[in-house]
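In: What follows is a predicted protein model with its sequence.
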Amino acid sequence: MMLSCKETARLLSQGADRKLAFSERVALRVHLAICKGCRNVDAQFRFLRSAVQRLSADAESEYGK
Ligand SMILES: [Zn+2]
């Protein structure tokens, strides 16, 4: 299965909210291997995700979650 860039972007954003299926992760990996544009998008998502994780770690201590 070959993803379009649009589908890849959708999976990347969904990957932030839910665990992707194995087949989805494989398809993503294949697309990222051949598409520089989507690798940049992936890098941005990773950056955002780690920033959000840092923020929510702070919020956790603040709200006693
Ligand atoms: Zn792409």
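Out: That came through, no problem.
In: so what secondary structure elements neighbour the worst-scoring helix or strand of the chain on mean pLDDT?
Out: Across the helices and strands of the chain, mean pLDDT, DSSP states H and E gives its lowest value to helix 36-63, namely a mean of 90. If you count contacts as 3 or more C-beta pairs under 8 Å, 6 or more residues apart in numbering; DSSP states H and E, helix 36-63 packs onto helix 5-15, helix 22-34. Heads up, the C-betas are built off the backbone N, CA and C, glycines and all.
In: do the longest one and the ion meet at all?
Out: No: Helix 22-34 lies out of reach of the ion by C-beta under 5 Å from the ion, never closer than 5.5 Å.
In: Could you pull out the buried residues of that helix?
Out: Of the residues in helix 22-34, 24, 27-28, 31-32 count as buried by neighbour count, 16 or more other C-beta atoms under 10 Å.
In: quick one: which of the residues you listed is nearest to S4?
Out: Closest approach between the buried residues of helix 22-34 and S4, by C-beta to C-beta: H31, at 8.3 Å.
In: Could I get the contacting residues of the closest one?
Out: Contacts of H31 were listed using C-beta atoms under 8 Å, 6 or more residues apart in numbering, and they are 2-3, 5, 8, 38.
In: Output those of those also counted as contacts of the ion.
Out: Answer for the contacts of H31 near the ion (C-beta under 5 Å from the ion): 5, 8, 38.
In: So the second one is in contact with C35, correct?
Out: Yes: counting by C-beta atoms under 8 Å, a contact exists between T8 and C35, whose distance comes to 7.1 Å.
In: one step back: and the ones next to the ion among the contacts of H31, which of them are buried?
Out: Neighbour counting by 16+ other C-beta under 10 Å classes 8, 38 among these as buried.
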